[in-house]
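**Student:** fold the following, please.
(one chain, ligands or ions: 1)
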Amino acid sequence: MNLNPPPRRAATTLATLLAAATVHPGLAQPAAEDLPALKDAFQPHFRVGVALNEAQFTGRDARGAQLAARHFNSITPENVMKWASLQPAPGKFDFAAADRFVEFGERHGMFIVGHTLVWHSQTPAWVFQDEAGAPASREVLLERMRHHITNVVTRYRGRVHAWDVVNEALNEDGSLRPSPWLRLIGEDYLARAFTFAHEADPQAELYYNDYSLENAPKREGAIRLVRKLQAAGVPIHGLGTQQHVKLDWPTLAQVDATLAAFGRLGIKVMVTELDVDVLPQRTRNRGADVGFRLAADPALNPYTNGLPTDVQQALSTRYAELFRLYRKHAAVLDRVTFWGVTDRDTWLNNWPMAGRTAHPLLFDRAGQPKPAFFAILGTDPGPERTSPRAAVSAP
Ligand code: GLA
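**Tutor:** Residues are numbered from 1 along each chain as shown. The predicted structure is shown next:
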């Protein structure tokens, strides 16, 4: 397979495909190797990343692995580097799957992101308890955190290029979430986590990552948090907004304002977990709180046999508008990562309700590009652009 088609052919193919996809969205089914690669299309602007599951990076899902290799130049592990996977029991590390993930990224010359060192979810209960099952002391938990971060980051020193060090530390109002990390250690758990990671690999880029940062109170909370860490000399190099978005939330103005505000922090900005949920939800602005669940309800799962044309069109338009904004902010935006390769694998098939047929990504269940794939390739931000990469250094 030709991974890097010559530019002239790519340009012709893109123009032809875009025309076909615009006129006959349902008919455009080009061969995989004729598709322009997303990573090439956006190469002048930002990296295009994807979250991988184990079937994909081990090649068991050959189609998923092939799509990942062809279209993306950065990868994040969907689950295998979370605490529960890496250290399920005290001192018992299991790096088998994470090693395969890193090897996949190296084989394809990708920018490898580790996800995630400190989070309140997918972290075993023992981490926060003493032998009697009572809450662990500050000293014990800090030592467990240091031990975990040091072991994990040291193992992949020089191979994993960046880490989501702390994930989802904020409440919706911008205050610190009362996670066991905060309650048992205190506010300095964030600074300590970044410092431990930096000591283990001084070259690795270290990020803070969260969802719903487009809502003003939480966005302001993230900005306060980053400024505080910067003022204290803590090594923080990037801020990731997950962007598990919907068709009608957040507004483009919210996304625009968020990328602009984050761009002024002088660190890298990333969209880290992009997907666009088109299914109905009864509640608004739930962001991506993994603790939020809904009971099974067929009314919330209307597209089990595929997306109606109007919804497919709305998804394309939404993606095109988002990518227009990303290109506008390309000077500060380092990477846009999709949370999954195809609709078959997305976590939204099981959140916030089990058994959904979700359609949030660019590739359908068969791995075919959807109209949204072509829509983002046709985007141009127009004359209004932020200034060229200034304060942000290239990796
Ligand atoms: C959050 C986490 C991700 C993932 C998603 C849902 O956004 O950061 O690791 O768990 O929830 O899959």
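**Student:** give me the buried positions along stretch 141-150.
**Tutor:** 141-142, 144-146, 148-149 (16 or more other CB atoms under 10 Å). Placement of C-beta: from N, CA and C, glycine included.
**Student:** output those as TSV; include the columns secondary structure.
**Tutor:** Formatted as TSV, these follow (DSSP: H, G, I helix; E, B strand; the rest coil):
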residue	secondary structure
141	helix
142	helix
144	helix
145	helix
146	helix
148	helix
149	helix
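**Student:** just send the residues you listed back as JSON lines, with distance to residue 50 and pLDDT too.
**Tutor:** Conversion of those to JSON lines gives the following (distance: CB to CB, whole Å; pLDDT from 0 to 100):
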{"residue": "141", "distance to residue 50": "33", "pLDDT": "98"}
{"residue": "142", "distance to residue 50": "34", "pLDDT": "98"}
{"residue": "144", "distance to residue 50": "31", "pLDDT": "98"}
{"residue": "145", "distance to residue 50": "29", "pLDDT": "98"}
{"residue": "146", "distance to residue 50": "31", "pLDDT": "98"}
{"residue": "148", "distance to residue 50": "26", "pLDDT": "99"}
{"residue": "149", "distance to residue 50": "25", "pLDDT": "99"}
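**Student:** among those, which ones lie close to the ligand?
**Tutor:** With CB under 6 Å from any ligand atom as the criterion, no member of the buried residues of stretch 141-150 is in contact with the ligand.
**Student:** ok, so of those residues, who is nearest residue 234?
**Tutor:** residue 149 (13.8 Å; CB to CB).
**Student:** smallest gap between the protein and the ligand, at which residue?
**Tutor:** residue 347 (3.5 Å; CB to the nearest ligand atom).
**Student:** what is the neighbour count of that residue?
**Tutor:** Residues near residue 347, counting by other CB atoms under 10 Å, number 19.
**Student:** start the count at 16 instead of 1 going forward.
**Tutor:** With 16 as the first residue, the last one maps to residue 362.
**Student:** give me the number of residues near residue 296?
**Tutor:** Neighbours of residue 296 using other CB under 10 Å come to 15.
**Student:** residue 319 now?
**Tutor:** Neighbours of residue 319 using other CB under 10 Å come to 9.
**Student:** look up the closest residue to it, ignoring the ones flanking it.
**Tutor:** Nearest non-adjacent residue to residue 319, counting by CB to CB, 6 or more residues apart in numbering: residue 372, 4.5 Å away.
**Student:** who in the stretch 266-410 of the chain is up against the ligand?
**Tutor:** Residues of the stretch 266-410 of the chain lying near the ligand (CB under 6 Å from any ligand atom): 288, 303, 305, 362.
**Student:** the third one against residue 134, yeah?
**Tutor:** Going back to what we said before, that points to residue 305. No. Applying CB atoms under 8 Å, one finds residue 305 not in contact with residue 134, separated by 9.6 Å.
**Student:** where do the helices of the stretch 66-215 of the chain begin and end?
**Tutor:** 69-73, 77-86, 98-101, 111-122, 153-170, 195-200, 204-215 (DSSP state H, counting those that start in this stretch).
**Student:** of the residues of the stretch 266-410 of the chain next to the ligand - the most surrounded one?
**Tutor:** residue 288 (26 neighbours).
**Student:** check the secondary structure at it for me.
**Tutor:** Once three-state DSSP is applied, residue 288 turns out strand.
**Student:** which residues touch it?
**Tutor:** By CB atoms under 8 Å, 6 or more residues apart in numbering, the contact set of residue 288 is 66, 91, 224, 226, 255, 257-259, 303, 352, 354.
**Student:** let's see that with 6 Å instead.
**Tutor:** Residue 288 is in contact with 257, 259, 354, counting by CB atoms under 6 Å, 6 or more residues apart in numbering.
**Student:** what's the spacing between it and residue 305?
**Tutor:** 11 Å (CB to CB, to the nearest Å).
**Student:** same thing with residue 64?
**Tutor:** 20 Å.
**Student:** what of residue 55?
**Tutor:** 33 Å.
**Student:** next: residue 106.
**Tutor:** Taken as CB to CB, the span from residue 106 to residue 305 is 26 Å.
**Student:** tell me where this structure has strands.
**Tutor:** Applying DSSP state E to the chain gives strands spanning 62-67, 89-92, 126-133, 177-182, 220-225, 253-256, 259-261, 283-292, 348-353.
**Student:** dump those to TSV, plus mean pLDDT and distance to residue 118.
**Tutor:** Output for the strands of the chain, formatted as TSV (pLDDT from 0 to 100; distance: least, CB to CB, whole Å):
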stretch	mean pLDDT	distance to residue 118
strand 62-67	98	12
strand 89-92	99	11
strand 126-133	99	10
strand 177-182	99	17
strand 220-225	98	20
strand 253-256	98	24
strand 259-261	97	28
strand 283-292	98	22
strand 348-353	98	19
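**Student:** give me the neighbour count for residue 88.
**Tutor:** Around residue 88 there are 22 residues (other CB under 10 Å).
**Student:** show me the contacts for it.
**Tutor:** 54, 62, 125.
**Student:** then residue 345?
**Tutor:** Contacts of residue 345 (CB under 6 Å, 6+ apart): 60-61.
**Student:** quick check, pLDDT for it.
**Tutor:** Predicted confidence (pLDDT) at residue 345: the value is 98.
**Student:** before we move on, the earlier item: and the least confident of the residues of the stretch 266-410 of the chain next to the ligand?
**Tutor:** residue 303 (72).
**Student:** about what we covered before: so can I have TSV of the contacts of residue 88 showing neighbour count and distance to residue 75?
**Tutor:** Formatted as TSV, these follow (neighbours: other CB atoms under 10 Å; distance: CB to CB, whole Å):
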residue	neighbour count	distance to residue 75
54	20	23
62	20	26
125	22	19
